[in-house]
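K.L.:
missing the sequence, but the structure's below:
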DNA sequence: CTGAAAGCGCTTACAG
DNA sequence: CTGAAAGCGCTTACAG
């Protein structure tokens, strides 16, 4: 005999019981001002007495608001995204928003579904970290719900963007390795196409971080050696271990490794250990993301802290503002680049933890690109 | 000029456009049988032409179903829970359910909120992994929504349970260490109260796993030495590193460590490395949970695979059945114990990966406990 | 299959 | 503040 089968207690019941109008009950529940304390008490007593509970579906039908937002990430089991989700949930909580998490697996098809599928209307807005879709799919992002994009996969879409300071941070990470006197610095994580850079247009974390790496080499007067680029996809530990392992077993010689994310770095560390290569003595190693794990690796892993909490906070703030603002029709969007820091630990010869450098972010308005245009902002 | 401000396209509009009744449109959308193909095509063409989209809030108000379930875990950034959430989302997807994730931080107050707060009605049911609430709070679990409990913190609550095979698996893990000839096996993770066991009633992963450890010692004719219990709370890497570090620095002598979860084990590994203690030569180490990380630790970490995917699948299945069944009023609930396996890796002297033993699970009906009664099922 | 209509439980403009 | 009522967009029993 569950309550669910019975007629629900409604606001009208509460109003009758308390001897007030429905409007007053609604006012009490929604915390509107100008209610006499006595009236409020009476209503609250009636709510308790009748066991009344607000029906959220009814409210939503009326207000067209769900109070929820969606966070769509590739995979929750990747520590970076688990930590990001954690941070987004906390930030949303502060604003009274509830977070729905979608996993896309980094597949373009799932990302499109998240943007315009049936579930889209479960929430008032979307924070999406695309991996499968690219700038070429820009039209897919023109949806009539508030949208904030994360990462560097897509540019020129009609949405606010929050991105890491990839080029500057990668450059600083490379400079850190150069500062240790390392000469042959491998990069784990680019794919074959990143190394080429079709038409010079840069998108994707790999391409941007690679550009930072090349910047650093250039400034130091070092030659860029394509043989030191070690492709690895996806950016999981297993791929990092396999890629570096194969490289080393094939006679590859390096004295430092810049892994394009921490999962790859942890995999690389595993491959180095397995071959009895000393870290940092023989090979120095740095990752990117500064996930919790790196503090407990042996040796502890140097990494780039890309401002995960700032990303979460900014994304929720921007989305919330768009939701409150009511429309997504403004032709002007904002691109926020977060502050990042290079953090040295044992894997680059520092005991304990030391902030080696900081890369300030920025916040700039971006005028919507015509859908046909290419995005020239990030040419090398 | 966003669509959100305009009057929405409704089923009535579609019906008018297609020249059919609203009922027919509803039938098409809900995939009911007995619709002539021609009619279906006409309706679908009208839906496309008008850009119609079903209003989920309206449907929910009518059907009292949300199509969503809540998963409440302590923290998403703990790898075990990130992996569990990942698995639950996949299982729910298969059944057309969407998952809302709540983080409780393991705080009793937040857990109570999840059980009966305003957000409870956002979804049709709840999978909760309690950490703060105990069997003493059993009354809090008597809610009128379908509920599945995870873990071993709470017994006798009016809900289905899915738990790991803690005692048997911990016993097997300890036997694995004994089989290596280890004599002084420390346990990281119990709290002060677990070691005592008030009134002999056992709840909590720590107590159950500790019982398995003692079982194994007893069967092997070894004495139990309370000095080898190393308290560590919460079960994070940092706590594991600190706890074992302090123990070793205080002159503690061990040749093996059983960490009550993998995070503690990874922290312990860090503490051992920091003190140049060789693993597994000097100290063998095994964890519990078999999270992804342990495969990439150096050495790779032995662990207990507790059946995470089975837990996710079973929990979603049970919850789904309760939701479809409509009520939670049956006095009979089910307790599912999953199959587990002890997996040996380098930290216990195995190169590669080897399943050392398997512990079969079970599925038993449980009659609801009177709220006043104590739970005698798991006395030592 | 159709057609007309009730009702889910809110919020909110309206008249006082 | 009150009171009576419209309307959000569905689903579904009802009569055909």
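P.N.:
Great, that's in hand. Please read these numbers as outputs of a predicted model, since none were measured by experiment.

K.L.:
Which stretches in chain A count as helices?
P.N.:
In chain A, the segments counted as helices under DSSP state H are A:11-18, A:22-29, A:37-50, A:56-63, A:79-94, A:108-116, A:166-179, A:192-196, A:205-219, A:237-249, A:262-274, A:308-325.

K.L.:
got those as TSV, with mean neighbour count, distance to residue B:119 and mean pLDDT columns?
P.N.:
In short, each C-beta sits where N, CA and C put it, glycine included. Listed next are the helices of chain A as TSV, based on neighbours: other Cβ atoms under 10 Å in any protein chain shown; distance: least, Cβ to Cβ, whole Å; pLDDT from 0 to 100:
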stretch	mean neighbour count	distance to residue B:119	mean pLDDT
helix A:11-18	18	19	90
helix A:22-29	18	15	90
helix A:37-50	15	17	89
helix A:56-63	16	9	91
helix A:79-94	21	10	96
helix A:108-116	18	22	94
helix A:166-179	24	36	97
helix A:192-196	14	43	56
helix A:205-219	21	34	95
helix A:237-249	21	35	96
helix A:262-274	27	33	95
helix A:308-325	20	17	94
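
K.L.:
Rebuild those helices as JSON lines, extending it with distance to residue B:259.
P.N.:
Formatted as JSON lines, the helices of chain A follow (distance: least, Cβ to Cβ, whole Å):
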{"stretch": "helix A:11-18", "distance to residue B:259": "53"}
{"stretch": "helix A:22-29", "distance to residue B:259": "48"}
{"stretch": "helix A:37-50", "distance to residue B:259": "47"}
{"stretch": "helix A:56-63", "distance to residue B:259": "43"}
{"stretch": "helix A:79-94", "distance to residue B:259": "19"}
{"stretch": "helix A:108-116", "distance to residue B:259": "36"}
{"stretch": "helix A:166-179", "distance to residue B:259": "33"}
{"stretch": "helix A:192-196", "distance to residue B:259": "40"}
{"stretch": "helix A:205-219", "distance to residue B:259": "34"}
{"stretch": "helix A:237-249", "distance to residue B:259": "20"}
{"stretch": "helix A:262-274", "distance to residue B:259": "19"}
{"stretch": "helix A:308-325", "distance to residue B:259": "27"}
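
K.L.:
Could you chop chain A up by domain?
P.N.:
With domains defined by automatic domain parsing, chain A comprises A:3-54, A:68-164+A:308-339+A:361-367, A:166-305.

K.L.:
any chance of those in TSV, with distance to residue B:253 too?
P.N.:
Formatted as TSV, those follow (distance: least, Cβ to Cβ, whole Å):
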stretch	distance to residue B:253
domain A:3-54	58
domain A:68-164+A:308-339+A:361-367	34
domain A:166-305	22
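
K.L.:
TSV for those, including distance to DNA strand D?
P.N.:
What follows is the domains of chain A, written out as TSV (distance: least, Cβ to the nearest atom of the strand, whole Å):
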stretch	distance to DNA strand D
domain A:3-54	3
domain A:68-164+A:308-339+A:361-367	10
domain A:166-305	37
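
K.L.:
Is any residue of stretch A:84-97 near chain B?
P.N.:
Yes - under the criterion of Cβ under 8 Å from any Cβ of the partner chain, chain B is reached by stretch A:84-97 at A:85-86, A:89-90.

K.L.:
And for stretch A:240-258?
P.N.:
Yes - using Cβ under 8 Å from any Cβ, stretch A:240-258 reaches chain B at residue A:241.

K.L.:
follow-up on the earlier one: between the residues of stretch A:84-97 next to chain B, which is nearest residue B:12?
P.N.:
Nearest to residue B:12 among the residues of stretch A:84-97 next to chain B, counting by Cβ to Cβ, is residue A:89 at 38.5 Å.

K.L.:
one step back: of the helices of chain A, which approaches residue B:228 most closely?
P.N.:
Closest approach to residue B:228 among the helices of chain A (Cβ to Cβ): helix A:262-274, 29.0 Å.

K.L.:
Near DNA strand C, which residues of the stretch 51-200 of chain A? Just list them.
P.N.:
By Cβ under 7 Å from any atom of the strand, the residues of the stretch 51-200 of chain A that approach DNA strand C are A:52-55, A:58-59, A:61-63.

K.L.:
let's see 10 Å
P.N.:
Residues of the stretch 51-200 of chain A found near DNA strand C (Cβ under 10 Å from any atom of the strand) are A:52-65.

K.L.:
Quick check: of these, which lies closest to residue B:278?
P.N.:
Set against residue B:278, the nearest of these by Cβ to Cβ is residue A:56 (57.8 Å).

K.L.:
Verify the stated contact: the closest one with residue B:117.
P.N.:
No - the pair residue A:56 / residue B:117 is not scored as a contact, 11.9 Å apart, by Cβ atoms under 8 Å.

K.L.:
Would you pull up the residue in the stretch 151-300 of chain A closest to DNA strand C?
P.N.:
Closest contact between the stretch 151-300 of chain A and DNA strand C, by Cβ to the nearest atom of the strand, is at residue A:160 (25.9 Å).

K.L.:
same deal with the stretch 101-250 of chain A?
P.N.:
Nearest residue of the stretch 101-250 of chain A to DNA strand C, counting by Cβ to the nearest atom of the strand: residue A:124, 14.4 Å away.

K.L.:
Test my guess that residue A:61 contacts residue B:58.
P.N.:
Yes - under the criterion of Cβ under 8 Å, residue A:61 makes contact with residue B:58 at 5.3 Å.

K.L.:
any idea how far residue A:169 lies from residue A:307?
P.N.:
To residue A:307, residue A:169 is 9 Å away according to Cβ to Cβ, to the nearest Å.

K.L.:
intersection of neighbour lists for those two?
P.N.:
Here residue A:169 and residue A:307 have residue A:340 as joint contacts, going by Cβ atoms under 8 Å, 6 or more residues apart in numbering or on different chains.

K.L.:
rewinding a little: so what's the residue count around the residue of the stretch 101-250 of chain A closest to DNA strand C?
P.N.:
Residues near residue A:124, counting by other Cβ atoms under 10 Å in any protein chain shown, number 22.

K.L.:
which residue sits closest to it, ignoring its sequence neighbours?
P.N.:
Distance criterion Cβ to Cβ, 6 or more residues apart in numbering or on different chains; nearest residue to residue A:124, sequence neighbours excluded, is residue A:323 at 4.8 Å.

K.L.:
who's in contact with the one you found?
P.N.:
For residue A:323, the contact set (Cβ under 8 Å, 6+ apart) comprises A:65, A:69, A:124-125, A:146.

K.L.:
Could you do residue A:14 as well?
P.N.:
Shown in contact with residue A:14 (Cβ under 8 Å, 6+ apart): A:25, A:43, A:46-47, A:50, A:52.

K.L.:
Any idea how far stretch A:123-130 is from the middle of the chain?
P.N.:
Centroid separation for stretch A:123-130 versus its chain: 11 Å, with Cα atoms, centre = their mean, to the nearest Å.

K.L.:
Same check on stretch A:9-23?
P.N.:
Relative to the chain's own centre, stretch A:9-23 is displaced by 45 Å; criterion: Cα atoms, centre = their mean.

K.L.:
swap in stretch A:333-341?
P.N.:
Distance of stretch A:333-341 from the chain centroid (Cα atoms, centre = their mean) equals 12 Å.

K.L.:
and the nearest residue to residue A:317 once chain neighbours are set aside, how far is that from chain B?
P.N.:
Among residues not flanking residue A:317 along the chain, residue A:91 sits closest, at 7.8 Å (Cβ to Cβ, 6+ apart). For residue A:91, the distance to chain B equals 12 Å [Cβ to the nearest Cβ, to the nearest Å].

K.L.:
Cool, thanks, talk later.
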